[in-house]
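Undergrad: turn this into a structure:
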Amino acid sequence: MIYTEQTKKALKLCFEAHKNQVDKSGLPYVFHPFHLAEQMTTETTIITALLHDVVEDTDYTLEDLQNMGFSESIIEAVSLLTHPKSGFDYTEYILKIKSNPIARTVKLADLRHNSDLSRLDNIDEKILKRFEKYQNAIRLLEE
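TA: Numbering: from 1, shown residues only. Modelled structure (predicted):
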């Protein structure tokens, strides 16, 4: 992890935004973006990894991130990584991400972490279907 003023700000925001959330196995959700950030190699990708679900899963907006002083390249990547609220085509979503090197790098790490079935206590058909979807997305992003 690269500790700069901006990455520290993103760490604090990530923790604050996700502190009361848990993942599918009941672990604190914030471990997920922290795990992704640890794999990144630049300030921009670290910050994007930390913030990748903040807009999608909390009350924070892209405008809030912009007002906090995060760069336009981070805002754009987070915007691409944020699922629309309803009715979107997953393949189109992945292809849009592919066009942005920052979002692509973070999404690949996100998909790989979300595909780690050892994180889950119970594996059912729904989880296996999601795993297959994520593997297909990884292939698309790596092409």
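Undergrad: use CA for all of it now, contacts and neighbours both
TA: Will do.
Undergrad: show residues contacting stretch 16-28.
TA: With CA atoms under 8 Å, 6 or more residues apart in numbering as the test, stretch 16-28 has contacts from 29-30, 54, 58, 60, 119-121.
Undergrad: go with 6 Å
TA: Contact with stretch 16-28 is made by 29-30, 120, as judged by CA atoms under 6 Å, 6 or more residues apart in numbering.
Undergrad: got those as CSV, with distance to P101, neighbour count and pLDDT columns?
TA: Output for those, formatted as CSV (distance: CA to CA, whole Å; neighbours: other CA atoms under 10 Å; pLDDT from 0 to 100):
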residue, distance to P101, neighbour count, pLDDT
Y29, 25, 17, 95
V30, 24, 21, 97
L120, 29, 15, 79
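Undergrad: closest one to G87 out of these, please.
TA: Nearest to G87 among those: Y29, at 25.0 Å, using CA to CA.
Undergrad: list the residues that contact the closest one.
TA: Neighbours of Y29 in contact, by CA under 6 Å, 6+ apart: 21-23.
Undergrad: centre-most residue in this protein?
TA: Centroid-nearest residue in the chain: H52, 3.6 Å away (criterion: CA atoms, centre = their mean).
Undergrad: for that one, which non-adjacent residue is spatially closest?
TA: For H52, the nearest residue in space outside its immediate sequence neighbours is V78; the separation is 5.3 Å by CA to CA, 6 or more residues apart in numbering.
Undergrad: and that neighbour, how many neighbours does it have?
TA: V78 has 27 neighbours, counted by other CA atoms under 10 Å.
Undergrad: S118 and A37, how far apart?
TA: Going from S118 to A37 by CA to CA, to the nearest Å gives 20 Å.
Undergrad: okay, helices next: where are they in the protein?
TA: 5-18, 31-39, 43-51, 54-57, 62-67, 72-81, 90-98, 101-114, 125-142 (DSSP state H).
Undergrad: for those helices, which one ends up most surrounded?
TA: helix 43-51 (a mean of 26; mean count of other CA atoms under 10 Å).
Undergrad: export it as PDB, just CAs?
TA: What follows is helix 43-51, C-alpha atoms only, in PDB (Å, rounded to 0.1, in the frame of the first residue of the first chain):
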ATOM      1  CA  GLU A  43      -2.100   5.800  -5.800                       C
ATOM      2  CA  THR A  44      -4.900   6.000  -8.300                       C
ATOM      3  CA  THR A  45      -5.700   2.300  -8.300                       C
ATOM      4  CA  ILE A  46      -5.400   2.000  -4.500                       C
ATOM      5  CA  ILE A  47      -7.900   4.800  -4.000                       C
ATOM      6  CA  THR A  48     -10.200   3.400  -6.600                       C
ATOM      7  CA  ALA A  49     -10.100   0.000  -5.000                       C
ATOM      8  CA  LEU A  50     -10.900   1.500  -1.600                       C
ATOM      9  CA  LEU A  51     -13.800   3.400  -3.000                       C
END
